[in-house]
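**Q** fold the following for me, if possible:
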Amino acid sequence: MIASLPPLQVADPVFIRVVARPFREVASATGSWTNHVGIVVEAGKDPVIAESTFPPSRKTSLAREVLAQGAGVVVGEEERCGELLERHPQANVGFWKLWYFGSIPWQRATVTPASLLASPALHPVFEGVLPSAASRSPGSPG
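**A** Here you go, the predicted structure:
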């Protein structure tokens with residue numbers, strides 16, 4: 001952990017940009033730089049971040065519960081896939097049809113990383129690129 005960063009606390013969301021194509025498509029579909037979010041589950045010198053994985057994704061209702069209700073505030077806005085893609089016509093609908101095996105779940109509700117990041121209930125403690133991340137080439141692991 002870089003010493004200049006403020007200490008993270010349990011339940012802090014962590015927003016990142018992942019370079020893999022499915023995540024870039026999320027950024028395009030939401031009009032945001034961020035396309036992935038995790039949550040701090042253990043604080044300290046080397047915080048532990050819980051996040052969905054790819055492949056496969058898994059449901060992590062506990063993290064959502066902590067974000068949405070732990071502090072007594074609502075974070076992010078729920079929206080339907082159809083609404084999201086309608087508001088962002090630059091999104092690659094063909095990719096999403098392929099992703100969902102030919103049938104986009106237009107009525108499925110989701111809360112995107114962009115919606116969480118835009119929430120007035122959250123206040124950034126750090127914005128920028130960490131030196132270790134900036135030195136990695138696109139597509140490299142870790």
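**Q** any regions of this structure where pLDDT drops low?
**A** Low-confidence segments of the chain (pLDDT under 70): 1-5, 53-73, 128-142.
**Q** which residues in it form helices?
**A** 21-30, 61-65, 81-87, 93-99, 113-118, 131-134 (DSSP state H).
**Q** kindly reformat those helices as a markdown table containing mean neighbour count and distance to Val40.
**A** Using the backbone N, CA and C atoms, a C-beta is placed for each residue, glycine as well. Listed next are the helices of the chain as a markdown table, based on neighbours: other CB atoms under 10 Å; distance: least, CB to CB, whole Å:
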| stretch | mean neighbour count | distance to Val40 |
| --- | --- | --- |
| helix 21-30 | 18 | 20 |
| helix 61-65 | 13 | 10 |
| helix 81-87 | 15 | 26 |
| helix 93-99 | 13 | 28 |
| helix 113-118 | 20 | 14 |
| helix 131-134 | 9 | 17 |
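**Q** need the ones you listed in TSV (columns: distance to Val10).
**A** Formatted as TSV, the helices of the chain follow (distance: least, CB to CB, whole Å):
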stretch	distance to Val10
helix 21-30	25
helix 61-65	11
helix 81-87	30
helix 93-99	32
helix 113-118	17
helix 131-134	23
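**Q** so which of the ones you listed comes closest to Glu42?
**A** Checking those against Glu42 by CB to CB gives helix 61-65 as the closest, at 12.6 Å.
**Q** closest one to Val37 among the helices of the chain?
**A** Closest among the helices of the chain, using CB to CB: helix 113-118, at 4.3 Å.
**Q** what is that closest one packed up against?
**A** Using 3 or more CB pairs under 8 Å, 6 or more residues apart in numbering; DSSP states H and E as the contact test, the elements touching helix 113-118 are strand 13-16, helix 21-30, strand 36-42.
**Q** repeat the analysis, applying 7 Å as the threshold.
**A** strand 13-16, strand 36-42 (3 or more CB pairs under 7 Å, 6 or more residues apart in numbering; DSSP states H and E).
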